[in-house]
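The sequence isn't on hand, but the structure is:
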């Protein structure tokens, strides 16, 4: 491919290099708001330039081009009219990609070719792997060990999407914190798998949900108009999306009004009523139950946010048929059996009343948890605190909340595999050991 | 003015160390930093905010006081003290701090939101509304809660105009449409309320809940034939769900309820 002389002159006039050699990519590319037919690709350069993505389904033929307006350092390029469940190859730069001439290497980082796979049509069945990281952003060796343990575990199996449960970048969720804790920590995953974050208390030190301003809201492009499924929320603070036969709901447990008549609650009710997916997975930062590095029985802990999520939001989620609740904040791993209807402090927990199905939930053990297919209110969910992707508790926490089947003060991350009507979750610690696992079957 | 005597800080820290692991970890880091930079107001501010997040008001205030003594014209300290006073339901005191914070940093929208809330708690709704208007103008994408907070300070017709302005930008966000819908109904503008419901229905993958709500509004206003038609349409929507959803207990219960409502004019909707 050649660049026409007129185009070359235009680049010279604008002070741009058509080869993009003058600029360096500081961040990304990273993938946002993936849908079966669209995706947003973002990256940052050290100097202003145009935003161009060259892409195609053949690695040797990146003939499609998408651009964004403006000469910028923060590049946000939406790709549309993609095919579902299809692998695309792409490069980013200031001009359309020109493949290296035969016999030349062309191996500059700006010419690096990456790939992503679009989600299948909403509602269809496709094996899906989800990586779940709660409170990862310590930037330290523990975070790296947790990351590498997952990479070893998943090996060549692609990560279809990953969830960040908040406190993604310590200590203050600044741009510099995010650079080290996310962009320099997970560059390969960012390039190939869309990341769907939730806001944590440390992220909120540099962000404001009321005005949707600050670092978190600047960094992420999240659906406000139900672009990826669900009901439009009108805000990036809380949103939902579909992937295959799974409906994901992200709530803002930190910085959005949590009143029963608040906008987030109204949206949640509408969203739960609207979905026809087989699975509902809800995630947010503050746990409904924990006795880890936080205590959900203590009203003052986290200004009552854990109480609010348990007493106000949990009944609605359960009524709406949620299957799995993922939270962080407490730097431990705590996992319940199939439970329902416990909205008080831990002394009010009554296993006879609140446990829908006992046991470890494991094939080969007590057996998988079983639920009926369909929207069955209050059929039970597994509640998981997985907030140790960056650190475990520095002192031994109590880990004695009666709702949990298992509690571990170990760094690690969770992996969810959904295949049709079967869901498996595995907790991998920072040494690569499989420390918990269970399955839910719908029938 | 000097920082608190070391013995007071020791007492504060010792008390807090029994409190909570996150406070403990944060305190350990901040105490070390304070020991090496005892004149750094930002460290006391951060420590105060740590306490405030865990509703340890006494410790929060003690740290803010020290910070204020070290940096008397620090907008963030005034904002934090205003937020603390608001959390303690002391709106007049909060307003005094927040006025200072606004004067020092007029572009800080967090301060302006807190100030609007202090004004509202003092019954100064017009000024509160003006402050929120400023925030809404300056925000790239204000949250639905903030829009509703402003709308609540207006008369129903003004509120509707304002909500429609935002809805034209955001699309049919349920929380905004539902507030507008109830305002329309309160003003007796039933067809306008129904038109809003139609927009929500059109955007929904599952339509039965919105159609049922349509029936409820129509029945409340005595439009019986149309109400029955809406309930029947909701029933049709349920029956067109995929079998595994249609046959779920929730759908079956809703279908029974809709069938009754579609038959009986005496069944009063909620």
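Perfect, thanks for sending it. Only a predicted model underlies this, so the values are computations on that prediction, with no experimental measurement involved.

ranges for the strands of the stretch 301-443 of chain A?
Taking DSSP state E, counting those that start in this stretch as the test, the strands found in the stretch 301-443 of chain A are A:324-327, A:333-339, A:355-357, A:369-371, A:381-386, A:406-408, A:412-419, A:422-429, A:434-442.

and of those strands, who's closest to residue A:24?
The closest of these to residue A:24 is strand A:412-419. By CB to CB, the value is 30.2 Å. Every C-beta, even on glycine, is put in place using the N, C-alpha and C of the backbone.

Is the helix or strand encompassing residue B:66 positioned near chain A?
In the assignment (DSSP states H and E), residue B:66 maps to helix B:57-70. No: Helix B:57-70 does not reach chain A (CB under 8 Å from any CB of the partner chain); its nearest approach is 9.4 Å.

residue contacts, residue 200?
Using chain A here. Residues near residue A:200 by CB atoms under 8 Å, 6 or more residues apart in numbering or on different chains: A:135, A:165, A:166, A:167, A:168, A:173, A:254, A:285, A:328, A:329.

nope, chain B please
Here residue B:200 is in contact with A:270, B:172, B:174, B:177, B:210 (CB under 8 Å, 6+ apart).

just the contacts of residue A:200 now: which is nearest chain B?
Using CB to the nearest CB, residue A:329 comes nearest to chain B of these, at 8.7 Å.

ok, back up a step: out of the strands of the stretch 301-443 of chain A, flag the one nearest chain B.
With CB to the nearest CB as the measure, strand A:434-442 is the member of the strands of the stretch 301-443 of chain A nearest chain B (8.8 Å).

just checking, what packs against the closest one?
Counting contacts by 3 or more CB pairs under 8 Å, 6 or more residues apart in numbering or on different chains; DSSP states H and E, strand A:434-442 packs against strand A:333-339, strand A:369-371, strand A:406-408, strand A:422-429.

who's in contact with the nearest residue to residue B:120 once chain neighbours are set aside?
Excluding its sequence neighbours, the residue lying closest to residue B:120 (CB to CB, 6 or more residues apart in numbering or on different chains) is residue B:128, at 4.1 Å. Applying CB under 8 Å, 6+ apart to residue B:128 gives the contacts B:116, B:117, B:119, B:120, B:153.

Check the gap between residue B:128 and residue B:121 for me.
For residue B:128, the distance to residue B:121 (CB to CB, to the nearest Å) stands at 9 Å.

Need the three-state assignment for residue A:55.
strand (DSSP: H, G, I helix; E, B strand; the rest coil).

Please list the residues of the stretch 101-250 of chain B that sit near chain A.
B:109-110, B:113, B:135, B:138-146, B:148, B:170-176, B:178, B:200, B:203-206, B:209, B:241-242, B:244-245, B:247-250.

For the closest residue to residue A:268 other than its chain neighbours, grab the count of nearby residues.
Among residues not flanking residue A:268 along the chain, residue A:316 sits closest, at 5.9 Å (CB to CB, 6+ apart). Residue A:316: 15 surrounding residues under other CB atoms under 10 Å in any protein chain shown.

Touching the host helix or strand of residue B:179 from outside, list them.
For residue B:179, the host element (DSSP H and E) is helix B:174-186. Counting by CB under 8 Å, 6+ apart, helix B:174-186 makes contact with A:231-232, A:234, A:262-264, A:266-267, A:270, B:144-145, B:147-148, B:151, B:156, B:159-160, B:163-164, B:166-167, B:170, B:190, B:192-193, B:196-197, B:199-200, B:217, all of which sit outside it.

neighbours around residue A:306, how many?
26.

rewinding a little: what residues are up against the residue nearest to residue A:268?
Contact partners of residue A:316, counting by CB under 8 Å, 6+ apart, are A:265, A:268, A:269, A:272.

Quick one: distance of stretch B:82-100 to the chain centre.
Put simply, stretch B:82-100 sits 19 Å off its chain's centre (CA atoms, centre = their mean, to the nearest Å).

ah, wrong one, I meant stretch B:88-104
On CA atoms, centre = their mean, the centre of stretch B:88-104 falls 20 Å from that of its chain.

In it, which residues are buried?
By 16 or more other CB atoms under 10 Å in any protein chain shown, the buried positions in stretch B:88-104 come out as B:90, B:91, B:93, B:94, B:95, B:97, B:98, B:100, B:101, B:102, B:104.

ditto for stretch A:300-315
A:301-314.

Pipe these into a markdown table and attach pLDDT and distance to chain B per row.
Converted to a markdown table, those look like this (pLDDT from 0 to 100; distance: CB to the nearest CB, whole Å):
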| residue | pLDDT | distance to chain B |
| --- | --- | --- |
| A:301 | 88 | 6 |
| A:302 | 88 | 7 |
| A:303 | 86 | 6 |
| A:304 | 91 | 8 |
| A:305 | 95 | 9 |
| A:306 | 97 | 12 |
| A:307 | 96 | 12 |
| A:308 | 97 | 13 |
| A:309 | 98 | 16 |
| A:310 | 98 | 17 |
| A:311 | 97 | 17 |
| A:312 | 98 | 14 |
| A:313 | 98 | 15 |
| A:314 | 98 | 18 |
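
Let's see which of those residues end up in helices.
Of the buried residues of stretch A:300-315, the ones assigned to helices by DSSP state H are A:305, A:306, A:307, A:308, A:314.

Touching, the last one and residue A:287? I think so.
No: the pair formed by residue A:314 and residue A:287 falls short of the contact definition of CB atoms under 8 Å, at 10.5 Å.

Tell me where chain B has strands.
For chain B, applying DSSP state E gives no strands.

Let me see the contact set for the residue nearest the centre of it.
Central residue of chain B (CA atoms, centre = their mean): residue B:145, 4.2 Å from the mean position. Neighbouring residues of residue B:145 by CB under 8 Å, 6+ apart: A:210, A:256, A:257, A:262, A:263, A:264, B:175.

Give me the distance between the fifth one and residue A:252.
To tie it back to what came earlier, the one meant is residue A:263. Distance, residue A:263 to residue A:252, by CB to CB: 11 Å.

Looking at these two, which has the bigger crowd around it?
Neighbour count, other CB under 10 Å: between residue A:263 and residue A:252, residue A:263 has more, with 28 against 25.

residues in contact with the more buried one?
For residue A:263, the contact set (CB under 8 Å, 6+ apart) comprises A:234, A:235, A:256, A:257, B:143, B:144, B:145, B:148, B:173, B:175, B:176.

How about stretch A:397-409, which residues are buried there?
Neighbour-count burial for stretch A:397-409 flags A:397, A:399, A:401, A:402, A:403, A:404, A:405, A:406, A:407, A:408, A:409 (criterion: 16+ other CB under 10 Å).

And the contacts of that stretch?
For stretch A:397-409, the surrounding residues in contact (CB under 8 Å, 6+ apart) are A:289-293, A:295-296, A:330, A:332-337, A:339, A:342, A:346, A:349, A:351, A:354, A:359-361, A:383, A:388, A:392-393, A:396, A:427, A:429, A:435-436, B:21.

Sounds good, over and out.
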